[in-house]
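J.: let me see the structure of the following:
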Amino acid sequence: MFLTVAMLRKGISGKQWIGKYRRPRQITWQMKRNTLAHLEREAENEYWISRPYMTKEQELGHAAERRAQNWLNIKAANFTKFPEHKYITDHLSHLRITKTW
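T.: You can find the predicted model right below:
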């Protein structure tokens with residue numbers, strides 16, 4: 001249908017870069033170069049991902065100690081932000097001005 005529209009009309013109706021019957025973009029050498037670079041980078045990533053750094057036995061629980069230490073650090077930081085205890089005598093000390101009874 002696109003071929004028929006292109007052959008029977010002078011040009012592409014409406015906006016030429018958007019829509020169902022848009023004008024196709026020209027493929028430049030920069031586009032080809034960028035696509036090849038992207039595919040090479042992807043192939044290299046797949047290569048490195050396919051070769052694990054650790055075995056399954058080494059990987060099992062390897063970060064448990066670090067996570068436990070991080071949790072203790074987070075817990076200690078939350079305790080430092082927690083306000084100190086306040087006693088009822090501190091709140092009501094202004095009432096004990098004189099003991100007349």
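
J.: can you show me the helices along the chain?
T.: Ranges of helices within the chain are 2-8, 29-49, 56-59, 64-81, 88-92, based on DSSP state H.

J.: can you redo those as a markdown table with mean neighbour count, distance to Lys15 and mean pLDDT?
T.: (C-beta placed from N, C-alpha, C; glycine too.) A markdown table is the format used below for the helices of the chain (neighbours: other Cβ atoms under 10 Å; distance: least, Cβ to Cβ, whole Å; pLDDT from 0 to 100):
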| stretch | mean neighbour count | distance to Lys15 | mean pLDDT |
| --- | --- | --- | --- |
| helix 2-8 | 9 | 15 | 69 |
| helix 29-49 | 10 | 22 | 97 |
| helix 56-59 | 9 | 54 | 85 |
| helix 64-81 | 9 | 55 | 91 |
| helix 88-92 | 8 | 73 | 85 |
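
J.: need those helices in CSV (columns: distance to Ile18).
T.: CSV is the format used below for the helices of the chain (distance: least, Cβ to Cβ, whole Å):
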stretch, distance to Ile18
helix 2-8, 15
helix 29-49, 19
helix 56-59, 49
helix 64-81, 50
helix 88-92, 70
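
J.: ok, which of those helices comes nearest Arg23?
T.: helix 2-8 (9.3 Å; Cβ to Cβ).
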